[in-house]
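>>> Below is the structure, and that's it, no one-letter string:
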Ligand SMILES: Nc1ncnc2c1ncn2[C@@H]1O[C@H](COP(=O)(O)OP(=O)(O)OP(=O)(O)O)[C@@H](O)[C@H]1O
């Protein structure tokens, strides 16, 4: 099944939103396949956001991501990349709909609480970067109650 990489950014960890965010993905019916609290170095953050290296906000973004521990996760489920982005909401919290994570918990684009892969290909690369050790192999016994 499809997998995505989700990261709770340092502001989400500091503000105590970890449980709330995990709960939203769990209740939807997605499966947690990888989870760790990590403080990343500048070079690692630059690698994760390499596609944005030419943007004027790049240095600030890297400073933000290394400003405290983040929660790195792998979630699995049908259409989890696209649906995960919908659960997260628009990049700029002033445009994120209420009911989304950013719509409910964020105000500024530079403090938008959470990251989610934007495509299946990005998810594959990001999971390989953040979880080189691999992810857990397990099947939920609730599976037949969530999927036809
Ligand atoms: N104009 C901006 N000013 C400050 N920070 C920004 C700006 N645009 C984007 N960012 C930061 O860079 C991150 C990555 O931007 P991107 O355009 O990839 O958005 P995204 O895919 O919704 O976010 P993410 O990759 O974090 O899930 C954003 O989540 C935000 O934290």
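All right, it came through fine. On a predicted model such as this, the values are computed, not experimentally measured, just so you know. Residues are numbered from 1 along each chain as shown.

>>> any idea how far residue 78 lies from the ligand?
When distance is defined by CB to the nearest ligand atom, to the nearest Å, residue 78 is 20 Å away from the ligand. (C-beta placed from N, C-alpha, C; glycine too.)

>>> ok, now which ones touch that residue?
Contacts here follow CB atoms under 8 Å, 6 or more residues apart in numbering; on that basis residue 78 touches 1, 2, 147.

>>> and if we set it to 10 Å?
1, 2, 29, 30, 146, 147 (CB atoms under 10 Å, 6 or more residues apart in numbering).

>>> Would you mind checking those residues for buried ones?
Buried members of the contacts of residue 78, counted by 16 or more other CB atoms under 10 Å: 2, 29, 30.

>>> And the pLDDT for the residue of the chain most remote from its centre?
The outermost residue of the chain relative to its centre, with distances by CA atoms, centre = their mean, is residue 148 at 26.4 Å. Model confidence at residue 148, expressed as pLDDT, equals 95.

>>> for residue 56, same thing?
On pLDDT, residue 56 comes in at 98.

>>> so which strand or helix has it?
In the assignment (DSSP states H and E), residue 56 maps to no helix and no strand.

>>> For it, give its distance to the ligand.
Taking CB to the nearest ligand atom, one finds residue 56 at 8 Å from the ligand.

>>> swap in residue 130?
Residue 130 is 13 Å from the ligand, where distance means CB to the nearest ligand atom.

>>> who's in contact with the spatially closest residue to that residue that is not a sequence neighbour?
Counting by CB to CB, 6 or more residues apart in numbering, residue 72 is the residue found nearest to residue 130 once chain neighbours are left out, at 4.8 Å. Shown in contact with residue 72 (CB under 10 Å, 6+ apart): 5-8, 34-38, 40, 48, 115, 126-127, 129-131.
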